[in-house]
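**Student:** Sequence and predicted structure are below.
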Amino acid sequence: MTISTLSSRELNHDVSSAKKAAQKGPVVITDRGKPSHVLMTYDDFQRLTGRRRSLAESLAMPGLSEIDLDTTRIGIEPRQIDLS
């Protein structure tokens, strides 16, 4: 991941290069030399904001088939209640 920095003026003059830079990592936009905004891809934004995955997306995750899942049943028995 590469973090790039552009001034507001540079961003306004060449938006397409800023978008290309965002494909490689976040782009910090400065205003008068101070960081003011960050440009990133929408996929990165969703990942950072904790977007929930659908069941199909979760099951399609790479490496999921390599996980061993122990599915033994646990016996749960009701306990006796003393009503005396």
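**Tutor:** Thanks, I have the structure now. The shown structure was predicted, so the numbers you read here are calculated from the model rather than taken from an experiment.

**Student:** can you list the weak-confidence ranges in the protein?
**Tutor:** Nowhere does the chain drop to pLDDT under 70.

**Student:** Identify the bridge partners of the closest residue to Ser8 other than its chain neighbours.
**Tutor:** In space, and not counting its chain neighbours, Ser8 is closest to Asp31: 5.1 Å by Cβ to Cβ, 6 or more residues apart in numbering. Any C-beta I mention is one placed from the backbone N, CA and C, and that applies to glycine too. Beta-bridge partners for Asp31, by DSSP bridges, are Lys34.

**Student:** residues in contact with Asp31?
**Tutor:** By Cβ atoms under 8 Å, 6 or more residues apart in numbering, the residues touching Asp31 are 7-8, 37.

**Student:** can you give me the helices in this structure?
**Tutor:** Assigned by DSSP state H, the chain shows helices spanning 8-13, 15-24, 42-48, 55-59.

**Student:** Indicate which one of these is closest to Thr2.
**Tutor:** helix 15-24 (4.5 Å; Cβ to Cβ).

**Student:** Can you pull out the residues in contact with that closest one?
**Tutor:** 1-2, 4, 6, 10-11, 27, 39-41.

**Student:** Could you give the separation of that helix from the chain centroid?
**Tutor:** In terms of Cα atoms, centre = their mean, to the nearest Å, the centre of helix 15-24 is found 19 Å from the chain centre.

**Student:** same check, this time on stretch 72-84
**Tutor:** 42 Å.

**Student:** Could you report the separation of Thr72 from Arg79?
**Tutor:** 22 Å (Cβ to Cβ, to the nearest Å).

**Student:** What about the contacts of helix 15-24, which one has the most neighbours?
**Tutor:** Highest neighbour count within these: Val27, with 22 neighbours (other Cβ atoms under 10 Å).

**Student:** List the contacts of the nearest residue to it once chain neighbours are set aside.
**Tutor:** Spatial nearest neighbour of Val27, chain neighbours left out: Leu39 (4.1 Å); criterion: Cβ to Cβ, 6+ apart. Taking Cβ under 8 Å, 6+ apart, we find Leu39 in contact with 11, 18-19, 21-22, 26-27, 29.
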